[in-house]
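Novice: 3D model of this:
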Amino acid sequence: MTDALSQSLASTLRDARAARDLSVNALAERSGVSRAMITKIERGEAQPTAALLGRLSAALGMTLSELVARAEGGTRRLV
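Specialist: Numbering: from 1, shown residues only. The predicted model follows:
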């Protein structure tokens with residue numbers, strides 16, 4: 001993953017969480033991912049695995065494809 005994509009994923013995840021009015025704690029409970037890891041991802045300090053991103057995106061009501069597409073700046077849904 002490039003640094004630009006990592007930063008974009010971080011902000012996309014943070015924005016999606018905020019848009020759903022979820023705290024880091026609430027997302028952690030829904031996804032089973034630790035608060036510390038979510039915080040690191042949102043700050044761009046950790047590069048999450050696809051499996052971890054899948055758990056987070058599912059907890060946000062999105063597919064992994066939607067999350068990545070948003071991070072890449074696309075508005076189209078990946079098929």
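Novice: my guess is Asn25 meets Arg35, correct?
Specialist: Yes: counting by C-beta atoms under 8 Å, Arg35 is a contact partner of Asn25 at 6.0 Å. Just so you know, the C-beta spots here come from the backbone N, C-alpha and C atoms, and that holds for glycine as well.
Novice: more neighbours, the two?
Specialist: Arg35 (14 against 10; other C-beta atoms under 10 Å).
Novice: can you tell me the helix or strand for the residue most central in space within the chain?
Specialist: Central residue of the chain (C-alpha atoms, centre = their mean): Leu13, 3.3 Å from the mean position. Per DSSP states H and E, Leu13 falls inside helix 3-19.
Novice: Give the buried residues for that helix.
Specialist: Neighbour counts over helix 3-19 (16 or more other C-beta atoms under 10 Å) mark Ser6, Ser8, Leu9, Ala10, Thr12, Leu13, Arg14, Ala16, Arg17 as buried.
Novice: Relative to Leu53, how far out is the nearest residue to the second one once chain neighbours are set aside?
Specialist: Take Ser8 and drop its neighbours on the chain: the residue closest to it by C-beta to C-beta, 6 or more residues apart in numbering is Ala71, 4.3 Å away. With distances defined as C-beta to C-beta, to the nearest Å, the gap from Ala71 to Leu53 amounts to 9 Å.
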